[in-house]
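K.L.:
Provide a 3D model corresponding to the input given below.
(one chain, ligands or ions: 2)
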Amino acid sequence: MRFRRKLLLVFALTVFVCVAAVAWITSALARRAFEKADEQRTAALVAQFRREFDRRGEDVGRRVEAVAQGEAATRMALSLSHGPPDYAAYLDAAKILAESQQLDFLEFVEGDGTILSSAQWPARFGYKESFPVTTAPGVSFLHQEPLPDSTALSLIAVRRVAAGDSPLYVMGGRKLDKDFFASLEPPAGMKALFYQNLGPSFTPQFLITPTGAAQHWELLAPIVQQVQQRGNETTSLIHWSSSAADDEVIDAIPLAGADRQVLGILLVANSRRAYVELEQQIRSAAIASAAAGVVLAILLSGWIASRVTRPVEQLAHAAREIAAGHWNSKVNITSTDELGDLARSFDGMTRELLEQRERLVQTERVAAWRELARRLAHELKNPLFPLQLTVENLVRARQGSPQQFDEIFREGSSTLLAEIANLKAIVSRFSEFSKMPQPRFQPVQLNELVQDSVRLFQSQLSAPGRPPIACRLEVDRGLQPIAVDPELLHRALSNLILNAIEAMPKGGTLTLRTRHEGDRVVLEVSDTGSGLKPEERERLFSPYFTTKQHGTGLGLAIVQSVVSDHGGRITVRSNAGEGTTFAIELPRNGDQLQRAEAAQTTSGS
Ligand code: ADP
Ligand code: MG
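P.N.:
Numbering: from 1, shown residues only. Ligands and ions are numbered 1, 2, ... in the order given. Below is the predicted model of the structure:
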């Protein structure tokens with residue numbers, strides 16, 4: 001992956017993670033805050049409900065108390081203590097008193113529960129009913145009141161009539177209806193509902209709802225049933241529609257009667273609209289800032305990447321240039337940061353290397369000249385000495401008799417000619433080395449070239465009067481033709497074979513190997529001769545380096561020059577006393593091969 005992509009990925013990921021974390025934390029905090037606020041509001045509404053309940057309870061209690069202390073009640077109680085009651089006399093009594101006290105329900109009940117007179121169900125006199133005998137002043141409670149055609153939930157109070165000996169109770173109350181809940185004033189986003197628990201299964205008709213939008217009240221069934229079964233407070237989330245903003249958290253609070261039976265359920269609904277809207281806003285803000293962050297990351301990573309990669313690419317380019325031999329290439333980075341330092345060090349390094357190389361070349365050149373002068377002086381001194389002697393002899397003989405002079409002149413001139421030929425040979429050897437021709441490439445089967453060269457040395461390997469040298473060929477049969485100059489390569493190979501033979505004066509084995517390594521071909525010449533000392537190995541390829549009495553020291557220099565002209569390289573492995581191996585590695589030179597093959601076919605046709 002490119003640096004720029006990596007940087008972009010890191011930046012974008014960082015932005016994304018940060019924004020996601022902030023959004024998540026914010027919405028979690030918001031949710032907690034909303035939940036807390038909801039709880040508080042619910043508690044406040046429940047408290048308001050209880051206050052209202054108590055207030056109405058007190059009101060009912062006062063009215064029932066007024067009835068109990070009234071003249072009609074006293075009369076009824078007194079008549080009871082004088083024998084069985086005359087129900088017909090009291091048929092309308094309860095109804096009239098209820099109306100005067102604005103009570104929805106009013107009944108006079110004897111101590112054993114027999115109804116004396118009933119406002120809400122006049123025909124029910126003489127019936128026995130069980131009623132909660134809680135007559136304490138100020139106490140009122142929920143009660144299920146049977147009516148001729150239904151049952152109604154009411155808030156009732158019971159009082160005992162003080163007159164007479166037989167107990168008489170006044171039980172009066174008011175319906176818990178819409179009016180009651182209309183007096184509750186829930187804050188915005190909240191509403192209170194009341195479910196009258198009059199039957200075992202959920203019935204929407206028993207629900208007292210705030211006026212307004214009709215809802216799918218049946219959705220409340222599970223929560224109502226849960227409270228009916230367990231009898232304790234329950235909270236649940238209701239989805240009124242597909243929009244989350246319409247969701248409401250419903251708190252269901254059971255309301256028990258005097259006998260602890262759940263008679264009603266107060267449902268406090270808290271709208272989640274504000275929270276859902278805030279969450280949507282947080283989400284939109286997060287998406288917008290993430291998008292802005294990613295755009296910023298793209299720009300920033302592009303800018304940083306170009307700042308970092310451009311100099312790096314410049315450095316890489318300069319390094320490649322220098323590797324290709326263009327020693328004068330420079331990295332033009334002017335920045336003052338670490339990359340600038342790197343570029344300056346790089347330029348400094350190339351400058352230093354260049355100077356060192358120039359110094360080295362100069363030293364080598366001087367050394368080569370010295371060596372050449374030394375060799376030339378040495379080689380030329382040998383033939384010059386006999387030349388001088390002969391000429392001096394001739395000058396001296398000129399003073400003697402003509403016969404003597406003739407004889408000395410004949411001898412002298414043949415010596416002079418021989419030495420001059422010697423001088424010529426020396427000169428031509430030097431000039432031959434100086435005039436190494438450029439290779440003329442043509443397709444060559446290396447194995448054949450090796451075999452031909454060995455054949456030429458066959459007589460030397462088994463010369464009579466010297467220890468024999470065995471010759472082994474280990475050639476790679478699958479070798480493809482390569483493009484080389486056969487004459488030059490033959491010359492190089494001959495030098496290596498000759499050196500090997502000269503290194504084995506006591507006999508041994510000469511081995512020639514060929515093999516291919518990928519696109520390259522390797523040719524090895526091994527001997528079991530004297531081997532090389534470390535100091536010899538260092539100077540081996542320098543021109544004029546020789547350890548032989550009549551050596552020229554040019555053989556390996558020629559080999560190296562041929563190999564390098566072919567784009568190959570030569571290496572040597574050797575241990576003193578254990579023989580030496582020279583390995584020539586040559587490229588197949590595919591381009592040259594194609595060109596040479598094309599030239600051959602055109603000349604052939
Ligand atoms: P020359 O053969 O004229 O001495 P070369 O350049 O061919 O010059 O060899 C230089 C020197 O390298 C030799 O004098 C010899 O010391 C050493 N040399 C070359 N080939 C071998 C070899 N196969 N085994 C040991 N020494 C070698
Ligand atoms: Mg040699």
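
K.L.:
contact partners for the closest residue to residue 87 other than its chain neighbours?
P.N.:
Excluding its sequence neighbours, the residue lying closest to residue 87 (Cβ to Cβ, 6 or more residues apart in numbering) is residue 125, at 4.3 Å. For glycine as for every other residue, the C-beta is placed from the backbone atoms N, C-alpha and C. With contacts defined as Cβ atoms under 8 Å, 6 or more residues apart in numbering, residue 125 is in contact with 87, 90, 91, 115, 116, 117, 118.

K.L.:
for ligand 1, what's the nearest residue on the stretch 101-250 of the chain?
P.N.:
Per Cβ to the nearest ligand atom, residue 244 is where the stretch 101-250 of the chain lies closest to ligand 1, at 92.3 Å.

K.L.:
correct me if wrong: that residue contacts residue 277.
P.N.:
No: proximity of residue 244 to residue 277 does not meet the contact threshold set by Cβ atoms under 8 Å, at 9.6 Å.

K.L.:
which neighbours do these two have in common?
P.N.:
Shared contacts of residue 244 and residue 277, counting by Cβ under 8 Å, 6+ apart, come down to nothing at all.

K.L.:
thought residue 297 was touching residue 16, still the case?
P.N.:
No: distance between residue 16 and residue 297: 9.0 Å, which falls outside the contact criterion (Cβ under 8 Å).

K.L.:
between those two, which has more neighbouring residues?
P.N.:
residue 297 (21 against 15; other Cβ atoms under 10 Å).

K.L.:
chain neighbours aside, what residue packs nearest to the more buried one?
P.N.:
Setting aside the residues directly before and after it, residue 297 is nearest to residue 11 in space (Cβ to Cβ, 6+ apart), at 3.5 Å.

K.L.:
low-confidence ranges in the protein?
P.N.:
Within the chain, the ranges that satisfy pLDDT under 70 run 132-133, 135, 137-138, 211-214, 604-605.

K.L.:
for the helix or strand where residue 371 lies, what is the distance to the chain centroid?
P.N.:
The secondary structure element spanning residue 371 is helix 338-397 (assigned by DSSP states H and E). Going by Cα atoms, centre = their mean, to the nearest Å, the spacing between the C-alpha centre of helix 338-397 and its chain's C-alpha centre is 60 Å.

K.L.:
which helices and strands sit right next to it?
P.N.:
Here helix 338-397 touches helix 273-323, helix 402-434, going by 3 or more Cβ pairs under 8 Å, 6 or more residues apart in numbering; DSSP states H and E.

K.L.:
including distance to residue 29, could those helices go into CSV?
P.N.:
Shown next, in CSV, are the helices and strands packed on helix 338-397 (distance: least, Cβ to Cβ, whole Å):
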stretch, distance to residue 29
helix 273-323, 10
helix 402-434, 91
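
K.L.:
can you say which of those helices is packed in most?
P.N.:
Neighbour counts averaged per stretch over these are highest for helix 273-323, at a mean of 15; criterion: mean count of other Cβ atoms under 10 Å.

K.L.:
and residue 109, how far from residue 96?
P.N.:
Residue 109 sits 17 Å away from residue 96, taking Cβ to Cβ, to the nearest Å as the criterion.

K.L.:
just to revisit the earlier point, JSON lines for the contacts of residue 125, including neighbour count and secondary structure?
P.N.:
As requested, the contacts of residue 125 are exported to JSON lines (neighbours: other Cβ atoms under 10 Å; DSSP: H, G, I helix; E, B strand; the rest coil):
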{"residue": "87", "neighbour count": "13", "secondary structure": "helix"}
{"residue": "90", "neighbour count": "20", "secondary structure": "helix"}
{"residue": "91", "neighbour count": "15", "secondary structure": "coil"}
{"residue": "115", "neighbour count": "22", "secondary structure": "strand"}
{"residue": "116", "neighbour count": "25", "secondary structure": "strand"}
{"residue": "117", "neighbour count": "25", "secondary structure": "strand"}
{"residue": "118", "neighbour count": "26", "secondary structure": "strand"}
